[in-house]
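Q: Below are the sequence and a predicted model; questions follow.
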Amino acid sequence: MKSSFDMKHGIGKITPENMEDVYLLSSIITNGALLTARTIRSREIRRGDETVKGKKESIVLTISVEKTEFQDEKCLRVGGKIVKGPEDLEHGYHSIEIAPNDFITVEKSWRSWEIDKIKKAEKKAEKVLVCVLDETEADIWLVQERAKHLVHFACSLGKKSGISTKPQYYSAIYEYLKGKEELKYARKAELSGMPKSEDFVHFVVAGPAFAKEELSDFVRQKYRKLAEKISIHPISQTGEAGLQELLKSGILEKLLKQSRISEETEAVEKLLSEIGKDGLAVYGLKETQKALEAGAIETLLVSDKKVREIEDLLERAEKQKAKILIVSSEHQSGEKLLGLGGVAGLLKYKVK
């Protein structure tokens, strides 16, 4: 992320550099903000009583934001009423698509937590490749601000799968790590493209039993470039549950010091722990508002799905200098927070 701000006039000039940055903007470009960007729009041509669309042109438009929609792995689509554009353009409604490396200008009333999120995104968070596996299945994620699921292997040994030995199973995973598109021995593959080895700094191999050691040894022998990045960690589960166990263990937090996903998971787990023992926590809009009015909120946790609904609450929390943590709904801990109403608080003291 690249950014500069003119706080006197409420103007932010921003260039997202990857989809993580684009996703972040989905919770920051709020309704009523003025968004200026280069976009494609068809000219309307009048032919008698008819209006037909002409050729598409690249123009700079400013819209008053009314709607945002994050389209996974593609762009952030922002719709609203045109307030400024070429003189000969008929004003109406338009949607601007924001993708990596698109320069945009956002004019709004900026809040400190929004600036903080953008500035943190400028500090390039390291990426970690994670493989969670046992003897019959394996999943690979790329973890940065979010955990992006790359591929799933369901490879139980036997005639049905075409795999008769463990080396064949590990070879299938190795072939994916090397960037091969056709996975010879994978029963199920949800491919999203294997990142280049220079794009991540750690390769974490985790799981129960001995498969993690066997895969690590197999890769070390064949892929020297990746060998130095491997670390092995024991966990008791596989799949998404295994990834969450890994996140909760704090292992990835040590590897990803700037990663928001570990911070979010840790905060939600602390919240659940406090709720479980009737401790220093509240959840749900009503109880959280009550605690905020009492000045008892230390950390306000808000789902990214709820940001636009509770802007007044966020403004009040900011004035009280409470820590504000916007939690992504795209991982398990974020889903748990949504299940609690999407807003909660860790307290400095109990509220009667």
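A: Right, received. Where do you want to start? Values in this document were obtained by computation on a predicted structure and should not be read as measured data.

Q: mind listing the helices in the stretch 251-352 of the chain by residue range?
A: 251-255, 260-276, 285-293, 311-319, 332-339 (DSSP state H, counting those that start in this stretch).

Q: And for the chain?
A: Using DSSP state H, the helices found in the chain span residues 19-25, 112-122, 166-177, 211-222, 224-227, 239-249, 251-255, 260-276, 285-293, 311-319, 332-339.

Q: Remind me what the fourth one packs against, helices and strands.
A: Using 3 or more C-beta pairs under 8 Å, 6 or more residues apart in numbering; DSSP states H and E as the contact criterion, the elements in contact with helix 211-222 are strand 128-133, helix 166-177, strand 202-207, helix 224-227, strand 230-234. From N, CA and C alone the C-beta is placed, and that goes for glycine too.

Q: who does the fourth one touch, helix- and strand-wise?
A: What that stands for is helix 224-227. Using 3+ C-beta pairs under 8 Å, 6+ apart, helix 224-227 is in contact with helix 211-222.

Q: Is it possible to get the helices of the stretch 251-352 of the chain out as a markdown table so that each row also shows mean neighbour count and mean pLDDT?
A: A markdown table is the format used below for the helices of the stretch 251-352 of the chain (neighbours: other C-beta atoms under 10 Å; pLDDT from 0 to 100):
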| stretch | mean neighbour count | mean pLDDT |
| --- | --- | --- |
| helix 251-255 | 18 | 75 |
| helix 260-276 | 18 | 89 |
| helix 285-293 | 18 | 95 |
| helix 311-319 | 16 | 90 |
| helix 332-339 | 18 | 92 |
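
Q: Which one of these lies nearest to Arg146?
A: Set against Arg146 and scored by C-beta to C-beta, those come closest in helix 260-276, at 6.1 Å.

Q: which other residues reach the closest one?
A: 120, 125, 143-147, 244, 247-248, 250, 252-253, 256, 279-281, 283, 299, 301, 325, 327-328, 331-334, 336-337, 340, 344, 346-347 (C-beta atoms under 8 Å, 6 or more residues apart in numbering).

Q: Show the pLDDT at the residue sitting nearest the centre point of the chain.
A: Centroid-nearest residue in the chain, with C-alpha atoms, centre = their mean: Arg146, separated by 3.9 Å. pLDDT, Arg146: 76.

Q: before we move on, what about the one 3 residues further on?
A: Per-residue pLDDT puts His149 at 87.

Q: cool, and Glu330?
A: As predicted, Glu330 sits at a pLDDT of 77.

Q: so how many other residues sit close to it?
A: 17 (other C-beta atoms under 10 Å).

Q: can you pull the contacts of the spatially closest residue to it that is not a sequence neighbour?
A: Spatial nearest neighbour of Glu330, excluding adjacent residues (C-beta to C-beta, 6 or more residues apart in numbering): Arg146 at 5.3 Å. Counting by C-beta under 8 Å, 6+ apart, Arg146 touches 20, 23, 261, 328, 330-331.

Q: Apply 7 Å and report the result again.
A: 20, 261, 328, 330-331 (C-beta atoms under 7 Å, 6 or more residues apart in numbering).

Q: Make TSV out of these and add distance to Thr136.
A: TSV is the format used below for the contacts of Arg146 (distance: C-beta to C-beta, whole Å):
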residue	distance to Thr136
Glu20	32
Ile261	27
Ser328	30
Glu330	27
His331	25
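
Q: Ile59 against Arg41, yeah?
A: Yes - under the criterion of C-beta atoms under 7 Å, Ile59 makes contact with Arg41 at 5.9 Å.

Q: Looking at the two, which has the bigger crowd around it?
A: Taking other C-beta under 10 Å, Ile59 and Arg41 do not tie; Arg41 has more neighbours (19 against 14).

Q: measure that one to Met1 for me?
A: Going from Arg41 to Met1 by C-beta to C-beta, to the nearest Å gives 26 Å.

Q: Could I get the contacting residues of the closest residue to Lys178 other than its chain neighbours?
A: The spatial neighbour of Lys178 that comes closest, neighbours along the chain excluded (C-beta to C-beta, 6+ apart), is Tyr223 at 6.7 Å. Tyr223 sits next to 174, 177-178 when contact means C-beta under 7 Å, 6+ apart.

Q: of these, buried ones?
A: Buried members of those, counted by 16 or more other C-beta atoms under 10 Å: 174, 177.

Q: Glu69: which of the contacts of Tyr223 is nearest?
A: When the contacts of Tyr223 are compared against Glu69 (criterion: C-beta to C-beta), the nearest one is Leu177, at 33.8 Å.

Q: Could you verify my assumption that that closest one touches Leu226?
A: Yes - if you go by C-beta under 7 Å, Leu177 and Leu226 touch, sitting 6.5 Å apart.

Q: intersection of neighbour lists for these two?
A: With C-beta under 7 Å, 6+ apart as the test, Leu177 and Leu226 both reach Val219.

Q: Centre of the chain to stretch 319-334, how far?
A: 12 Å (C-alpha atoms, centre = their mean, to the nearest Å).

Q: Can you dump the C-alpha atoms of that stretch in CSV for me?
A: Extracted C-alpha coordinates of stretch 319-334, given in CSV (Å, rounded to 0.1, in the frame of the first residue of the first chain):
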residue,chain,number,x,y,z
LYS,A,319,-12.8,9.7,21.2
GLN,A,320,-12.3,7.5,24.3
LYS,A,321,-9.0,6.3,22.9
ALA,A,322,-10.1,2.7,23.0
LYS,A,323,-8.1,0.3,20.8
ILE,A,324,-10.2,-0.5,17.7
LEU,A,325,-9.6,-3.9,16.0
ILE,A,326,-11.5,-4.5,12.7
VAL,A,327,-11.7,-8.3,12.4
SER,A,328,-11.8,-10.0,8.9
SER,A,329,-14.9,-12.2,8.5
GLU,A,330,-12.9,-14.4,6.1
HIS,A,331,-11.3,-16.6,8.8
GLN,A,332,-12.8,-18.8,11.5
SER,A,333,-12.2,-16.4,14.4
GLY,A,334,-13.9,-13.7,12.3
